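> what's the 3D shape of this:
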Amino acid sequence: SRRMDFRADAPDLLSRLVPHESTHVSLAGRFGPRPLPRWADEGLALLAEPEPLRQHYRQKALAAFQRAQGLPIEKLLTLEEYPATFDPEVFYGQSALLVEWLVRQRGPWTFVQFLSQGRLLGWEPALRRYYGLQSLQDLNAHLRDLLSLPSDQPIPITLPLAPTPHFHAATQLHVAGWKH
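The predicted model follows:
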């Protein structure tokens, strides 16, 4: 059983927070006790948010790349935690751009397999197997080509995370810590 707690007065609760955090929960269920790398976890969660917000993060990442302040792909792929010099907007944007590019290349099933195998085999062997790229430098070159083009074409993304569970939703009124 999983539980998420939100502040009911958050202005973007239903449009942004619930989809983003639900994606984290779904990913944790799909990929088990060993968490995904931060770039994949946050990149996928960001893609569940409204397009204008995703575009905002893309623009922040593009601006950082133009100033030569984006994380090198080799570092981004191997991060287990957030980077030491953490600018959330740039990191989320960079992560979403990478996820979008990988999904566009070979589809969501291949991306899920790449994530599973990348954690086991390493990212370069997984890139060779699933994307035909020989190295992280090849991926970096493809992403540089992507970044030189405007990113105004949103992609709808639905990942095959797990079978649809049967669940029962119920609401309970809590007043002063007591269920009614």
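> Let me see the contact set for the nearest residue to residue 78 once chain neighbours are set aside.
Distance criterion CB to CB, 6 or more residues apart in numbering; nearest residue to residue 78, sequence neighbours excluded, is residue 123 at 7.0 Å. Where you see a C-beta, it was placed from the backbone N, CA and C, and this is true even at glycine. Residue 123 makes contact with 77-78, 136, according to CB atoms under 8 Å, 6 or more residues apart in numbering.
> Any of these buried? List them.
77, 136 (16 or more other CB atoms under 10 Å).
> Just the ones of the contacts of residue 123 in helices?
Using DSSP state H, the members of the contacts of residue 123 that fall in helices are 77-78, 136.
> Provide the secondary structure category for the closest residue to residue 103 other than its chain neighbours.
Distance criterion CB to CB, 6+ apart; nearest residue to residue 103, sequence neighbours excluded, is residue 111 at 4.9 Å. Put simply, residue 111 is helix when judged by DSSP: H, G, I helix; E, B strand; the rest coil.
> ok, how many other residues are close to residue 111?
23 (other CB atoms under 10 Å).
> Residue 41 too?
For residue 41, using other CB under 10 Å, the count is 19.
> now swap in the one 10 residues further on and tell me
The burial metric for residue 51, expressed as a neighbour count using other CB under 10 Å, is 11.
> From residue 42, how far out is it?
17 Å (CB to CB, to the nearest Å).
> from the chain's centre, how far out does stretch 101-109 sit?
Relative to its chain's centre, stretch 101-109 lies at 13 Å (CA atoms, centre = their mean, to the nearest Å).
> Quick check: buried residues in that stretch?
Applying 16+ other CB under 10 Å to stretch 101-109 flags 101-103 as buried.
> Let me know the helix or strand that residue 11 is in.
Residue 11 is part of no helix or strand when elements are defined by DSSP states H and E.
> List the contacts of it.
Contacts of residue 11 by CB under 8 Å, 6+ apart: none found.
> quick one, phi psi at residue 11?
Here is the backbone geometry of residue 11 (degrees, to the nearest 10): phi -60, psi -30.
> The nearest residue to residue 15 once chain neighbours are set aside: how many residues sit nearby?
Closest residue in space to residue 15, ignoring its immediate chain neighbours: residue 50 at 5.5 Å, by CB to CB, 6+ apart. Other residues within reach of residue 50, judged by other CB under 10 Å, total 12.
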